[in-house]
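Participant: 3D model of this:
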Amino acid sequence: MNQVDEPRSWAYGLGGNVLVGLGYVGLVFAVAGFLPGPPAFWPSTGIGVFAALAGGWAWMPGVFLGAFGAHTLAGDASLLALLLAMGNVLVPLLMRHVLVGLGFNLSALLDSLRGVAAFMVGMVGVGGLLAAVWDVGVRVFVGSVAEPWDVLLLTRLTDAMASSMVLAPVLWYWWRDARGELSERAPSEHLIIMSLIVLGVLAMLWLPDRNGLRWFGVLVFLLMPFAWLAVRYHPRDTLSLLLLLLSMALGWTLVGQGPFVGFDLLSPITSLLTIAISLGGAGLLVGALNLEMCRAFDAARAANRTLERRVADRTAEVLRSRNRLKASEQRLQHIIATIPTPLVLTRVRDGAILLANPAAAEVFGLGVPALTRMGTLDFWADLTQRDAFLRRVRAEGVVSNAEGVFRLENGEPMWLQLSSALTEADGEEALLTSFKDITAAKAREDDLVRLATTDALTGIGNRHALLEQAPRLFQQTRREKGLLTVMMLDVDFFKRVNDTYGHDCGDQVLRMIAQTLRSSLRDVDVLARFGGEEFVIILPGIGAMEGAQVAERLRGLIARQAVRCPDSPAFTITVSIGVCGGPLRAFHASVNLTRTLINLADKALYEAKRRGRNRVEIIPCEARDGMDAPFPELDEDERVP
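Facilitator: Numbers count the residues shown, from 1 in each chain. As a prediction, the model looks like this:
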């Protein structure tokens, strides 16, 4: 809106006052021109209501001057005309002030049901009543009442309400249309229907009839399309049609034409004005409802267009993302296929192999299609190992150089070194894993471990294996409050065997003893060559007495076997055994059980040697001073003086 259009500009105020004043006088003059006496109704109140809504105080001088001139032309005395003009100004301004105070936006008052209801109650109802009461009161005050005051009050009330209900909204809508605030134009079908309604009413009015009630029913029938127009189109057009029909009906009645000629003059006019009030109110309400529905539909269409645009944008973005994802997948597939390192992409949920390269298929002895038809669950030797591996990957995100045992299709085990990273594939959790076959390396590692823990001569555990295994077994026995027996076995006069029959024969003796012991012990028992001709045996779950019986049985088995060496006569050998057995709860946690128990068994062995050899001696398993000292390195000659 520019400077010229502002309501407070001087041009706007001057133009509004001129138009309102001329319109006021012209309308009253036109009505009064039908009759030689005072006008039967006063329709110009609607101009004052329109001026109050559109221009406020700025247009009230035109209303005042127009009303004063109109009443003067109608034959009213100057004082009466002055007072009536004041009422035409004060009542609309008062109701405007009330509406503004209630928070209504007057520029869009008739565009909503709430605004229309406020207009009908305020401007039309209360304003019309105040205008009628002011008119009658002033006339009574100046003594210018030519008819009963109650009849005059009813006449002026219907005049004010009808003109406010029909004329004021029509002027208000066309004023807004002239300002460019209304963009809707009546379509051709609308104009055709309006023309047909006008022609029908004209035909009815041109035909005289003494029974006006019958034509009144015809009029109501002809006005049925009016309701259809109110629902379909803007209230500006509907109310303009109503104003035209009302003007036609009133004009024809005032000049003595039409179906209402036989009635008293005031009765048909009051009836027509009442009909106009009802139809005008209905048109305003239906029009406001239609405008709100149109706004709601427009908002819904706008929201739908926005939604469609967003959906289209989102769809395009999804397509672009899908294309980028497809391109990324193709690049990934190309990388996986060409990289020389075995690589697979697997789904965590079921272990399905989604992608695999030829290097991976070669490791498993399959082609790529055959490998991708299978899953990692088909290859893990122990699924609990897979679960542990998955937990580690989820916790760390990336796991490098983990090891696992797998099985080929033929059932052969295969060790793989795995490096995995957690990722996603098709919206699901997945693993990208590279691996290497380390089966040969694990075999060499096992060989090294076996060599490091196995006595090369006898094939049983060596001292290193014993000192690695015994502490765990001793601690477990003490924790579980169980029994345990430790034996120290030594070959009697072994140096004499070497000196007499040679070292090869001595080696054969040691192998024979190791084989006899291994075949006579349980799987849970521990057997190791401790050094030279000494052997250590650990019997879990067996106390000292039962352990001594086992030792005696082993001693007898060895003593009854004949040793046959090449180029030598057969001979027998004996062993001495020291036994330490019992519960381990008497030992403090700080005691080195391995050293203590083996030293106690060695002490018992020393006693067996001292008492003549080829015997078993028992010593209680109890804490003693110096028993957790390092192991003595004694040969047979040093044990016995």
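
Participant: list the beta-bridge partners for residue 454.
Facilitator: Counting by DSSP bridges, residue 454 is bridged to residue 461.

Participant: just checking, it touches residue 463?
Facilitator: No - applying Cβ atoms under 8 Å, one finds residue 454 not in contact with residue 463, separated by 11.1 Å. Glycine gets a C-beta too; all of them are placed from N, C-alpha and C.

Participant: for the chain, what's the longest strand?
Facilitator: With secondary structure taken from DSSP state E, the chain has its longest strand at strand 413-425.

Participant: flag the shaky bits of the chain, pLDDT-wise.
Facilitator: 1-12, 28-43, 145-149, 151, 183-233, 249-269, 271, 623-641 (pLDDT under 70).

Participant: show me the helices in the stretch 201-350 of the chain, by range?
Facilitator: For the stretch 201-350 of the chain, the helices defined by DSSP state H, counting those that start in this stretch occupy 212-222, 224-232, 235-254, 266-338.

Participant: mind checking the SS state of the residue lying farthest from the centre of the chain?
Facilitator: What lies farthest from the middle of the chain is residue 569; by Cα atoms, centre = their mean that is 92.3 Å. Three-state assignment for residue 569 (DSSP: H, G, I helix; E, B strand; the rest coil): coil.

Participant: ok, residue 591 next?
Facilitator: Relying on three-state DSSP, one would call residue 591 coil.

Participant: and it, how far is that from residue 553?
Facilitator: 30 Å (Cβ to Cβ, to the nearest Å).

Participant: higher neighbour count, those two?
Facilitator: residue 591 (17 against 12; other Cβ atoms under 10 Å).

Participant: distance-wise, check the more buried one relative to residue 540.
Facilitator: For residue 591, the distance to residue 540 - Cβ to Cβ - is 19 Å.

Participant: list the helices and strands the longest strand of the chain packs on?
Facilitator: Applying 3 or more Cβ pairs under 8 Å, 6 or more residues apart in numbering; DSSP states H and E, one finds that strand 413-425 contacts strand 343-347, helix 383-396, strand 398-407, strand 428-437, helix 439-453.

Participant: next, the angle strand 428-437 makes with it.
Facilitator: Using axes from the mean of the first three to the mean of the last three Cα atoms, to 10 degrees, the inter-axis angle of strand 413-425 relative to strand 428-437 is 150 degrees.

Participant: list the buried residues of strand 413-425.
Facilitator: 414, 415, 416, 417, 418, 419, 420, 422, 425 (16 or more other Cβ atoms under 10 Å).

Participant: which two in the residues you listed are spaced the farthest apart?
Facilitator: Greatest spacing in the buried residues of strand 413-425, by Cβ to Cβ: 415 and 425 (26.7 Å).

Participant: OK, contacts around the most centrally placed residue in the chain?
Facilitator: Nearest residue to the geometric centre of the chain (Cα atoms, centre = their mean): residue 427, 15.9 Å. Listed by Cβ atoms under 8 Å, 6 or more residues apart in numbering, residue 427 has no contact partners.

Participant: look up how far residue 349 lies from it.
Facilitator: Counting by Cβ to Cβ - residue 427 and residue 349 are separated by 11 Å.

Participant: over to residue 536?
Facilitator: Taking Cβ to Cβ, one finds residue 536 at 52 Å from residue 349.

Participant: have a look at these two and say which one is more surrounded.
Facilitator: residue 536 (23 against 9).

Participant: isn't residue 375 right up against residue 346?
Facilitator: Yes - counting by Cβ under 8 Å, residue 375 touches residue 346, with 7.5 Å between them.

Participant: on that earlier part again, contacts for the longest strand of the chain, please.
Facilitator: With Cβ under 8 Å, 6+ apart, strand 413-425 has contacts from 345, 347, 354, 363, 381, 389, 393-394, 397-408, 429-439, 441-442.

Participant: okay, now the sheet partners of that strand, with direction.
Facilitator: Strand 413-425 has the following strand partners under DSSP bridges: strand 398-407 (antiparallel), strand 428-437 (antiparallel).

Participant: among those, which comes closest to residue 283?
Facilitator: Nearest of the strands paired with strand 413-425 (Cβ to Cβ): strand 428-437, 63.5 Å.

Participant: give me the contact list for the closest one.
Facilitator: 341-349, 354, 360, 363, 393, 414-424.

Participant: and for stretch 295-307?
Facilitator: By Cβ under 8 Å, 6+ apart, no residue outside stretch 295-307 reaches it.

Participant: stretch 339-346 now?
Facilitator: 332, 336, 352-357, 359-360, 362-363, 371, 375-376, 423, 425, 430-436.

Participant: list the buried residues of that stretch.
Facilitator: By neighbour count on 16+ other Cβ under 10 Å, the buried set for stretch 339-346 is 342, 343, 344, 345, 346.
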